[in-house]
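Trainee: predicted coordinates and the sequence they were generated for:
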Amino acid sequence: MSVRRHATVFAIAGLLCGATAPAALAAPSPSASPSGPALPAGLYGTGDPTYDGVWRQSLAFLAQKTERVTPAAKAVDWLVGQQCGTGAFPAYRDASRPCDAKTVTDTNATAAAVQALVELGGHRAVVDKGVGWLKTVQNDDGGWGYDPGSPSDANSTAVVVGALARAGVPVAEVTTGGKTPYTALQSFALPCGGEDGGAFAYQPDKDGALTANADATAAAVIGSMGKGMAAGPSRTVKTTTCTDGSGLSPEQSAQNGAHYLATALAGSGHLDLPPMPGAEDSAPRPDFGNTADAVVALASSGHTAEATKAVAHLEKNALDWAREGGPAATAQLVLAAHATGTDPRDFGGTDLVKQLNATGPAPAADAATASPSADPQAGAGDDDGAGPGVWWIIGVGLAVGAGIGFLISGRKSRQL
């Protein structure tokens with residue numbers, strides 16, 4: 001099976017296998033299970049956070065920020081408190097105990113937390129420590145693996161690129177041995193030609209061959225543009241094409257990946273899950289998480305029209321998935337809506353923002369009149385005009401004027 005990048009897969013594994021997962025609409029209960037450990041009061045979701053606590057919290061914050069929702073202070077404090085002295089974040093840890101040699105930290109949790117804390121503002125020291133640690137674990141090929149020192153993969157490299165870019169670090173200047181993060185991402189790109197032309201692989205196999213992976217492609221498209229997970233729509237409309245040849249720019253590689261995604265979505269409007277091993281029913285099933293990621297990748301690379309059909313499919317079919325999948329799954333739909341200018345507060349008749357807010361502590365503020373088309377990431381490594389600071393100022397101005405005041409599902413590289 002292809003490797004999934006979002007921790008959402010853990011939250012809904014039972015659902016994908018045919019079981020019914022409990023709905024995650026209320027604020028976290030005192031424990032993950034009747035006999036399980038108590039969950040922190042600031043944590044989003046009610047499921048076991050072992051593999052995705054920091055990831056789902058970060059994704060929830062990123063989605064909320066696109067709608068100018070201010071999370072509760074205790075929720076933000078919980079995320080900040082997950083950071084170790086090195087600057088790294090684990091997928092989840094008991095913060096009452098100090099980090100030690102046994103604390104397992106990873107690039108994905110760290111990069112996701114950095115992106116979220118940049119968007120929240122006011123945590124520059126935490127962000128800088130996280131970025132500093134990410135730089136120390138960069139591989140010789142310019143990329144990152146999930147675990148420090150593990151072989152680079154497209155997904156991990158892309159989420160780290162997003163963290164660097166959102167933190168204001170020139171991505172192309174973060175090098176090792178002359179290799180940049182973009183060098184690593186492009187090493188996973190398949191050449192044009194054939195049904196998989198332009199796609200990205202997660203990693204090369206043991207023989208060095210590359211196999212197209214839609215999940216990795218969506219991540220790599222966003223990363224190759226120097227954007228983060230909460231990327232909004234591009235204001236430059238582009239035609240889907242696949243440019244062959246050597247010496248391609250990161251932008252050209254991103255456009256090639258977008259071409260692959262647009263082609264994959266053209267028929268049904270959604271991506272499919274691989275067949276479950278040993279399953280008797282081999283009929284394809286929609287992959288809502290990867291479809292939502294593909295929507296963000298397409299819209300943020302200038303192909304909102306191609307993403308529209310997929311968004312319509314998500315509105316009609318993915319609401320139960322998001323409700324049962326919890327905060328990370330709901331956040332993915334909010335980000336897909338944001339990227340296409342769709343209203344997440346009326347997404348197929350569901351208020352996704354309210355649904356997301358209810359999975360954690362009550363927000364400190366919720367600007368219910370937020371515009372879904374406002375892009376807090378415009379100008380981050382692209383040609384779309386004003387930088388992120390301009391849009392943040394606009395957002396704060398609107399929020400203050402209304403009297404309100406105030407980035408993916410751990411991406412443990414695992415198989416279902």
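Mentor: The structure has been received and is ready for your questions.
Trainee: what residues does the lengthiest helix in the chain touch?
Mentor: Selection of the longest helix in the chain by residue count, based on DSSP state H, yields helix 250-265. Contacts made with helix 250-265 from outside it, assessed by CB atoms under 8 Å, 6 or more residues apart in numbering, are listed as 182, 185-186, 189, 192, 195-200, 212, 214, 217-218, 220-222, 224-226, 238, 240-243, 248, 271, 291, 294, 297-298, 301-303, 306-307, 309-310. Placement of C-beta: from N, CA and C, glycine included.
Trainee: low-confidence stretches in the stretch 201-350 of the chain?
Mentor: Confidence mapping of the stretch 201-350 of the chain against pLDDT under 70 gives the ranges 278-282.
Trainee: now the nearest residue to Leu117 once chain neighbours are set aside: how far from Tyr92?
Mentor: Take Leu117 and drop its neighbours on the chain: the residue closest to it by CB to CB, 6 or more residues apart in numbering is His123, 4.3 Å away. Distance check for His123 against Tyr92: by CB to CB, to the nearest Å, it reads 19 Å.
Trainee: kindly export the longest helix of the chain (C-alpha atoms) in CSV.
Mentor: The C-alpha atoms that make up helix 250-265 are tabulated as CSV, following Å, rounded to 0.1, in the frame of the first residue of the first chain:
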residue,chain,number,x,y,z
PRO,A,250,10.8,23.8,-8.7
GLU,A,251,7.8,25.7,-10.0
GLN,A,252,7.8,23.6,-13.2
SER,A,253,8.1,20.4,-11.2
ALA,A,254,5.1,21.6,-9.1
GLN,A,255,3.1,22.3,-12.2
ASN,A,256,3.9,18.8,-13.5
GLY,A,257,2.6,17.4,-10.3
ALA,A,258,-0.5,19.5,-10.6
HIS,A,259,-1.0,18.1,-14.1
TYR,A,260,-0.9,14.6,-12.7
LEU,A,261,-3.4,15.4,-9.9
ALA,A,262,-5.8,17.1,-12.3
THR,A,263,-5.7,14.1,-14.6
ALA,A,264,-6.3,11.7,-11.7
LEU,A,265,-9.3,13.8,-10.5
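Trainee: ok now it, how far from the chain's centre?
Mentor: 18 Å (CA atoms, centre = their mean, to the nearest Å).
Trainee: and if you look at stretch 221-229?
Mentor: Relative to the chain's own centre, stretch 221-229 is displaced by 10 Å; criterion: CA atoms, centre = their mean.
Trainee: how long is that stretch end to end?
Mentor: The first residue of stretch 221-229 is 11 Å away from its last residue (CA to CA, to the nearest Å).
Trainee: hmm, who's touching it?
Mentor: 59, 62, 112, 115, 154, 157-159, 161-163, 165-166, 171, 181-182, 185-186, 200, 231, 250-251, 253-254, 257-258, 261, 296-298, 300-301, 335, 377, 380-382, 407-408.
Trainee: in helices, which of those fall?
Mentor: Mapping those onto helices (DSSP H) picks out 59, 62, 112, 115, 154, 157-159, 161-163, 165-166, 181-182, 185-186, 250-251, 253-254, 257-258, 261, 296-298, 300, 335.
Trainee: any of the residues you listed buried? List them.
Mentor: When neighbours are counted using 16 or more other CB atoms under 10 Å, the ones in helices among the contacts of stretch 221-229 contain these buried positions: 59, 62, 112, 115, 154, 157-159, 161-163, 165-166, 181-182, 185-186, 250-251, 253-254, 257-258, 261, 296-298, 300, 335.
Trainee: without its sequence neighbours, what residue ends up closest to Ser152?
Mentor: If the residues on either side of it in the chain are set aside, Ser152 comes closest to Gly143, at 3.1 Å by CB to CB, 6+ apart.
Trainee: and the one you found, helix, strand or coil?
Mentor: The three-state assignment at Gly143 reads coil, by DSSP: H, G, I helix; E, B strand; the rest coil.
Trainee: verify the contact between Asn317 and Thr291 for me.
Mentor: No. Applying CB atoms under 8 Å, one finds Asn317 not in contact with Thr291, separated by 9.4 Å.
Trainee: and these two? Which one has more around it.
Mentor: In this view Asn317 and Thr291 are compared by other CB atoms under 10 Å, and Thr291 has more residues nearby, 29 against 15.
Trainee: give me the angle between the host helix or strand of that one and helix 250-265.
Mentor: With elements taken from DSSP states H and E, the one containing Thr291 is helix 288-300. Here helix 288-300 points in a direction 130 degrees away from that of helix 250-265 (axes from the mean of the first three to the mean of the last three CA atoms, to 10 degrees).
Trainee: now do the helices in the stretch 51-200 of the chain.
Mentor: All helices of the stretch 51-200 of the chain, identified by DSSP state H, counting those that start in this stretch, fall at 53-66, 73-81, 107-120, 124-136, 154-166, 181-186.
Trainee: what do you get for the stretch 251-400 of the chain?
Mentor: 288-300, 304-317, 319-325, 327-340, 352-357, 388-401.
Trainee: so for Leu79, which of these sits nearest?
Mentor: Using CB to CB as the criterion, the shortest distance between Leu79 and the helices of the stretch 251-400 of the chain is 12.4 Å, found for helix 327-340.
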